[in-house]
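Student: Got a predicted model here, sequence first, then my questions.
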Amino acid sequence: MIDELRIKGGNRLQGEVHIDGSKNAVLPILAATLLPTSGKSVLTNVPRLDDVATITQVLEHLNVEVDSKLEDNTVTLDASGNINSMAHYDFVSKMRASVLVMGPLLARNKHAHVAMPGGCAIGSRPIDLHLKGFEALGANITIGNGYIEGVVEDELKGADIYLDFPSVGATQNIMMAAVLAKGKTVIDNAAQEPEIVDLANFLNSMGASIKGAGTATIRIKGVEELNGVKHSIIPDRIEAGTFMVAAAITRGDVLVKNVIHEHLRPVTSKLREMGAEVTLNGDSIRVNAIDKTLQAVTIKTKEHPGFPTDMQAQMMALMLTTEGVGHITETIFENRFMHVEEFKRMNAIISVEAKTAAISNSKLSGAQVKATDLRAAAALALAGLVADGYTRVGELKHLDRGYVNFDYKLQSLGADIVRTSRQKYQNVTSMN
Ligand SMILES: CC(=O)N[C@H]1[C@@H](OP(=O)(O)OP(=O)(O)OC[C@H]2O[C@@H](n3ccc(=O)[nH]c3=O)[C@H](O)[C@@H]2O)O[C@H](CO)[C@@H](O)[C@@H]1O
Ligand SMILES: C=C(OP(=O)(O)O)C(=O)O
């Protein structure tokens with residue numbers, strides 16, 4: 001059977017939705033469990049995502065013992081055996097974040113042999129900044145036959161590293177390589193995303209000495225040893241933002257639960273600027289757009305604390321329903337407007353010039369469309385919620401990388417949505 005979402009537009013969303021753990025926080029933290037520790041690590045609030053399954057397979061392949069209790073969102077990892085140094089193409093090509101095993105492998109084995117991640121639909125996505133960081137710490141890097149090999153002759157030594165761009169992955173990979181390096185490492189122009197802070201908190205509770213995570217300068221003092229710990233993954237700010245937009249696009253009223261307000265400031269601020277009522281309370285955010293006329297706004301994606309590129313497609317869907325002409329400039333990835341052509345299949349009026357899309361209020365009609373990447377999958381479904389008639393969203397392998405039970409969660413808020421078939425890993429119906 002074709003695996004697709006079938007959505008009948010027109011229902012206003014109302015109710016409460018629980019947000020799962022963050023994909024982008026759990027992936028580097030799982031990779032960090034490769035570091036040598038005394039004792040096991042236990043991760044809680046782990047989302048049941050295909051990307052988590054993929055990195056778990058990488059870890060198992062490297063000889064980590066992984067005990068996943070998916071129904072409890074808990075994963076226990078034991079890396080006390082001999083750890084291999086080779087991350088195969090099969091894994092890295094499926095999920096670029098597999099490259100995050102390179103830093104911990106260099107720290108542990110003084111050797112890492114990892115498939116080149118290559119580009120992907122949203123851009124070329126090089127890893128030169130990761131590699132420059134490893135070289136600064138004393139690793140010799142060679143590239144050949146589709147693989148990158150890192151070898152540390154003597155030992156990793158702390159270094160001053162300036163990143164040309166505050167890359168999230170490079171900051172994480174370098175942090176993981178540096179925690180056991182001799183002496184001090186300073187990463188300047190570091191990424192400041194909340195997922196960097198979650199990784200630093202995890203590493204610090206293992207015994208690392210990292211200061212400044214969440215600012216542009218991260219200071220790491222190499223330590224001698226680490227221990228296994230228990231850690232709860234932060235909530236997924238992008239999943240939360242997606243449901244905030246779902247409330248706004250249907251002019252509904254939704255309480256989004258299990259969030260950290262501070263992580264959602266750019267989204268909250270733009271929804272308020274549009275005219276939605278956004279109320280913060282405890283660990284929840286309520287978005288009320290009932291009977292509101294929302295106005296188009298201007299958005300420019302930027303590294304944190306700027307507006308996240310991972311929310312760009314969803315905001316574009318929303319601006320197809322607002323008054324006036326909205327503008328979105330994508331500055332992080334060079335090819336992250338593929339959803340525009342799919343929106344156009346639904347009668348969307350969007351024009352793109354260089355890095356900027358102009359989005360007009362459109363009378364959306366249901367159509368068969370395909371997800372071109374993870375966030376495009378969600379954004380097309382959001383457009384389907386307000387389109388006239390039926391929308392069918394295909395290529396759900398992208399959706400499953402980053403959203404847990406997306407259809408069930410929307411259904412519970414009143415959407416008319418069904419999924420025609422389901423991946424095994426996602427087929428757990430309990431929703432916390
Ligand atoms: C698993 C994960 O956490 N993924 C997130 C992470 O991806 P990821 O860590 O891959 O994103 P980066 O911050 O590294 O990339 C941002 C930009 O820097 C460029 N770059 C990056 C590294 C490098 O060595 N050289 C280089 O030129 C990239 O091509 C891109 O244009 O941050 C992105 C930006 O917030 C998010 O969209 C992704 O959801
Ligand atoms: C681009 C994304 O993720 P990744 O870096 O894993 O491809 C995303 O989460 O939107």
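Tutor: Ah, there it is. Ligands and ions are numbered 1, 2, ... in the order given.
Student: Might you report the residue contacts of I122?
Tutor: F333, N335, R336, M338, D373 (C-beta atoms under 8 Å, 6 or more residues apart in numbering). For every residue, glycine as well, the C-beta is placed using N, CA and C.
Student: Turn those into TSV, columns for neighbour count and pLDDT.
Tutor: Converted to TSV, those look like this (neighbours: other C-beta atoms under 10 Å; pLDDT from 0 to 100):
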residue	neighbour count	pLDDT
F333	19	96
N335	15	94
R336	24	97
M338	15	97
D373	23	95
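Student: Pull up the gap between the residue located most distally from the centre of the chain and E60, please.
Tutor: What lies farthest from the middle of the chain is D154; by C-alpha atoms, centre = their mean that is 35.0 Å. According to C-beta to C-beta, to the nearest Å, D154 stands 31 Å off from E60.
Student: cool, and L129?
Tutor: 28 Å.
Student: if we can go back for a sec, tell me the one of the contacts of I122 nearest ligand 1?
Tutor: F333 (5.2 Å; C-beta to the nearest ligand atom).
Student: thinking again about what came up before, near ligand 1, which of the contacts of I122 show up?
Tutor: Restricting those to those touching ligand 1 (C-beta under 6 Å from any ligand atom) yields F333.
Student: got a list of what the residue in the stretch 51-200 of the chain positioned nearest to ligand 2 touches?
Tutor: Residue of the stretch 51-200 of the chain nearest ligand 2, by C-beta to the nearest ligand atom: A97 (5.0 Å). Residues near A97 by C-beta under 8 Å, 6+ apart: N24, L27, P28, A31, D51, I55, G169.
Student: Which residues does the worst-scoring helix or strand of the chain on mean pLDDT contact?
Tutor: Ranked by mean pLDDT, DSSP states H and E, the weakest helix or strand in the chain is helix 89-94, scoring a mean of 91. For helix 89-94, the surrounding residues in contact (C-beta under 8 Å, 6+ apart) are 54-55, 57-58, 61, 98-99, 114-118, 146-147.
Student: What about those residues, which are in strands?
Tutor: V114, A115, Y147 (DSSP state E).
Student: Out of those, flag the one nearest to G384.
Tutor: A115 (35.7 Å; C-beta to C-beta).
Student: What count of nearby residues applies to the closest one?
Tutor: By other C-beta atoms under 10 Å, 19 other residues sit near A115.
Student: go on, L374?
Tutor: When neighbours are counted by other C-beta under 10 Å, L374 registers 22.
Student: residues contacting the residue farthest from the centre of the chain?
Tutor: Contacts for D154 (C-beta under 8 Å, 6+ apart) come out as G138.
Student: List, one by one, the residues from the stretch 301-432 of the chain near ligand 2.
Tutor: Counting by C-beta under 6 Å from any ligand atom, the stretch 301-432 of the chain sits next to ligand 2 at D310, L374, R375, G402.
Student: Type out the PyMOL command that picks the buried ones from the contacts of helix 89-94.
Tutor: Filtering these down to the buried ones (16 or more other C-beta atoms under 10 Å) takes a single PyMOL command:
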select buried, resi 54+55+57+58+98+99+114+115+116+117+147
